[in-house]
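Asks: Next one to model:
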Amino acid sequence: VKKTPSNHQHQHHDIIQRRYIEKRDMTNRRRDEITILSAAKNLFPLEAGIKAKASLLVVENWILLSLTLDGRDKITKTFQYLARFIAWYYEGICCSTDAA
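Replies: Numbering: from 1, shown residues only. Sure, this is the predicted structure:
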């Protein structure tokens, strides 16, 4: 005599199956997120890049930079932008004291 599962047993089995699928999907999503994050970390190696940067506080680095054409261009632009900023700042101070 073959025993057929009851409606309650079917419902219980469906609930267990749904929970298994939800847990599997959540695990897959988590794995995908970790994969994406590790890929992004490899695409943008900021830590390694920042550690490899030369310090601006060491004069020797400025000398090495000035020995190349690109380096001299960067140094010149830095001074140009600094001069523009200083002019803008002092112009603002002058105008604000005239208005007062």
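Asks: which helix of this protein spans the most residues?
Replies: Longest helix of the chain, by residue count under DSSP state H: helix 7-43.
Asks: can you give me how far that helix is from the chain middle?
Replies: How far helix 7-43 lies from its chain's middle: 27 Å, per Cα atoms, centre = their mean, to the nearest Å.
Asks: what's the average pLDDT for that helix?
Replies: Averaging pLDDT along helix 7-43 yields 78.
Asks: go on, stretch 60-68?
Replies: Computed over stretch 60-68, the average pLDDT equals 89.
Asks: Distance from the chain centre to that stretch, please.
Replies: 30 Å.
Asks: ok, residues contacting it?
Replies: With contact meaning Cβ atoms under 8 Å, 6 or more residues apart in numbering, stretch 60-68 is reached by Ala54, Ser55, Leu56, Gly71, Arg72, Lys74, Ile75. Every residue, glycine included, has its C-beta placed from N, CA and C.
Asks: who does the one helix or strand Asp70 maps to touch, helix- and strand-wise?
Replies: Using DSSP states H and E, Asp70 sits in helix 69-99. Judged by 3 or more Cβ pairs under 8 Å, 6 or more residues apart in numbering; DSSP states H and E, the packing partners of helix 69-99 are helix 59-66.
Asks: The helix it packs on to helix 69-99, inter-axis angle?
Replies: Angle, helix 59-66 to helix 69-99, by axes from the mean of the first three to the mean of the last three Cα atoms, to 10 degrees: 110 degrees.
Asks: Show me what counts as buried in helix 59-66.
Replies: Residues of helix 59-66 include none that count as buried (16 or more other Cβ atoms under 10 Å).
Asks: Run the chain-centre distance for that helix.
Replies: Taking mean C-alpha positions (Cα atoms, centre = their mean), helix 59-66 and its chain are 29 Å apart.
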